[in-house]
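Asker: okay, here's the prediction I keep looking at, along with the sequence it came from:
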Amino acid sequence: MPSPTPSPLPESAQRLRLWLAYAATLLVFGLLLTAPQLQRYLEHGGPHPWEPFLWELSSLLCNGLLGVALYRWHVAGLGRPRLLQIGRHALGAAVYFFAHVGGMFAIRFAVYAVVGVEYHPGSAANVLSYELGKDLVAYGLFVVICHGIHLFFSSQRQALQLQRLQQELAEARFARLAEQVQPHFLFNTLNLISSVMYEDVAKADRILCQLATLLRQALDAERQGWHSLDEELTLVQPFLEIMQARFGERLQVQLDIAPDARRCRLPALLLITPLENAIKHDVAQALQNSCVSLRAWCETGPTSPDGDRLKLRVHNSGTAPQRLSREGSIGLPNLRARLQAAYGDAAALHFGAAPEGGSELLLDLPSTMTPTNDATAADR
């Protein structure tokens, strides 16, 4: 499959990153506030250089913890009537102010008591009036930040939900397109072998048993969704054997599969439709012998500017392209739709006249390798 577009991080990862960014921002902001305080402190002959750090960082610590509670308080009030939200924030600002002042000075007095240094912050009235203005501004700033974080999380959740819905829709569409292949393939195959019932009952019975085995394998592959080209060939070869049993010498089959191409991943049952159409519209309607060939190879390096590519070519020796495209029923449209659902714009399909005569179908797909048996075993 093509490389998926970058998707939003899960909310848990977003929250962890946000917590780390929040803590780092508080620390940096606290140190920036401490620097001028420390300079003035030393200029005035302060005896304890750690005091400016204690003053600023104790305030930032309380603000940081209260900011977390404020986020929950703000989010819990969203969606309520505007007047009720204003009342909640008025109450929240009062609680924030007293909690900040109380917590900050509790930390400071505790530290000063431990180190045995006296602390005289001033009268309660002066302290409260000094801190009130700062805390009201801090509360308003925190409300704005909390609302922005809430909108960010909401947008991330919506993006994840949209991505999940798009993925489910793509998978459902891909499954529906894959389900079209089996009935189409089954009906056409039964039509091709039906005449054998009147010619050789034993041969017809043998072919029908092969067909039943092939359908079971195809059902398993369809459930799997994706597999290697080598696994796809395990479906293609029995199908070709059934067709050769039906048409005898009138059908000649050639397979030219490069070793590295066998490991490339592709949607299950992708090759049944083009091969079926090549046989149905060439061998089944021609009197002379016909050749259907399948070639697969990989292109890398300078020859493939879009990255590693898997190339597939289905060629039949006699049918005109206009006739095949007109008579392809759901074959080619289904194939195009499945490529679009699986690869988006990363895959290409070309159908037309082959240089050596007849018709060719070219598939150009992103090359994604499956692990080798040794590598898989090592991983385990």
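Answerer: Everything's here; your move.
Asker: pLDDT weak spots in the stretch 1-150 of the chain?
Answerer: The stretch 1-150 of the chain contains residues with pLDDT under 70 at 1-11, 14.
Asker: show me how this protein divides into domains.
Answerer: 11-121, 168-369 (automatic domain parsing).
Asker: which one of the ones you listed lies closest to residue 145?
Answerer: When the domains of the chain are compared by C-beta to C-beta, domain 11-121 sits nearest residue 145, at 7.6 Å. C-beta coordinates here come from the backbone N, C-alpha and C atoms, glycine included.
Asker: could you export the domains of the chain as a markdown table, including mean neighbour count and distance to residue 136?
Answerer: Compiled in a markdown table, the domains of the chain are given as follows (neighbours: other C-beta atoms under 10 Å; distance: least, C-beta to C-beta, whole Å):
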| stretch | mean neighbour count | distance to residue 136 |
| --- | --- | --- |
| domain 11-121 | 14 | 6 |
| domain 168-369 | 17 | 48 |
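Asker: for residue 158, find the nearest of the ones you listed.
Answerer: The nearest among the domains of the chain, by C-beta to C-beta, is domain 11-121 at 11.4 Å.
Asker: where is the longest strand in this protein?
Answerer: Longest strand in the chain by number of residues (criterion: DSSP state E): strand 290-299.
Asker: quick revisit: can you add distance to residue 153 and give the domains of the chain back as CSV?
Answerer: CSV is the format used below for those (distance: least, C-beta to C-beta, whole Å):
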stretch, distance to residue 153
domain 11-121, 7
domain 168-369, 22
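Asker: can you tell which of those is closest to residue 149?
Answerer: Minimum separation from residue 149 across the domains of the chain (C-beta to C-beta) falls at domain 11-121, 6.6 Å.
Asker: re earlier: give me the sheet partners of the longest strand of the chain and which way each runs.
Answerer: Here strand 290-299 is paired, per DSSP bridges, with strand 251-257 (parallel), strand 309-316 (antiparallel).
Asker: want to throw the ones you listed into JSON lines with distance to residue 111 and mean pLDDT?
Answerer: Shown next, in JSON lines, are those (distance: least, C-beta to C-beta, whole Å; pLDDT from 0 to 100):
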{"stretch": "strand 251-257", "distance to residue 111": "76", "mean pLDDT": "90"}
{"stretch": "strand 309-316", "distance to residue 111": "67", "mean pLDDT": "92"}
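Asker: for these, which one sits closest to residue 24?
Answerer: Closest to residue 24 of the strands paired with strand 290-299, according to C-beta to C-beta: strand 309-316, at 44.5 Å.
Asker: of all the domains of the chain, which lies closest to residue 159?
Answerer: The nearest among the domains of the chain, by C-beta to C-beta, is domain 11-121 at 10.5 Å.
Asker: and the next helix or strand past the helix or strand harbouring residue 149?
Answerer: Secondary structure from DSSP states H and E places residue 149 in helix 124-194. Counting by DSSP H and E, the element after helix 124-194 in chain order, helix or strand, is helix 201-224.
Asker: so where's the stretch 151-300 of the chain shaky on pLDDT?
Answerer: 165-189, 191-193, 195, 222, 281-287.
Asker: CA atoms only: put the longest strand of the chain into PDB for me.
Answerer: These are the backbone C-alpha positions of strand 290-299, laid out as PDB (Å, rounded to 0.1, in the frame of the first residue of the first chain):
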ATOM      1  CA  SER A 290      -3.800 -17.800 -28.700                       C
ATOM      2  CA  CYS A 291      -1.100 -16.900 -26.100                       C
ATOM      3  CA  VAL A 292      -1.700 -15.200 -22.800                       C
ATOM      4  CA  SER A 293       1.400 -14.100 -20.900                       C
ATOM      5  CA  LEU A 294       2.000 -12.600 -17.500                       C
ATOM      6  CA  ARG A 295       5.200 -10.800 -16.800                       C
ATOM      7  CA  ALA A 296       6.200  -9.200 -13.400                       C
ATOM      8  CA  TRP A 297       9.300  -7.300 -12.600                       C
ATOM      9  CA  CYS A 298      10.600  -4.500 -10.200                       C
ATOM     10  CA  GLU A 299      12.100  -1.200 -11.200                       C
END
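Asker: from the chain's centre, how far out does that strand sit?
Answerer: Centroid separation between strand 290-299 and its chain, computed with C-alpha atoms, centre = their mean, to the nearest Å, is 32 Å.
Asker: look up the closest residue to residue 264, ignoring the ones flanking it.
Answerer: Using C-beta to C-beta, 6 or more residues apart in numbering and skipping the chain neighbours, the partner closest in space to residue 264 is residue 310 (4.3 Å).
Asker: so in terms of bridging, what pairs with the one you found?
Answerer: In beta-bridge terms (that is, DSSP bridges), residue 310 pairs with residue 298, residue 365.
Asker: 357 is where my numbering starts, stick with that
Answerer: Okay, residue one is now 357; in that scheme the one you just asked about reads as residue 666.
Asker: wait, it touches residue 623, no?
Answerer: No - distance between residue 666 and residue 623: 11.8 Å, which falls outside the contact criterion (C-beta atoms under 8 Å).
Asker: contacting residues for the residue nearest to residue 614 when sequence neighbours are not counted?
Answerer: Of all residues not flanking residue 614 in the chain, residue 653 sits nearest, at 4.3 Å (C-beta to C-beta, 6+ apart). By C-beta atoms under 8 Å, 6 or more residues apart in numbering, the contact set of residue 653 is 614, 617, 666-667.
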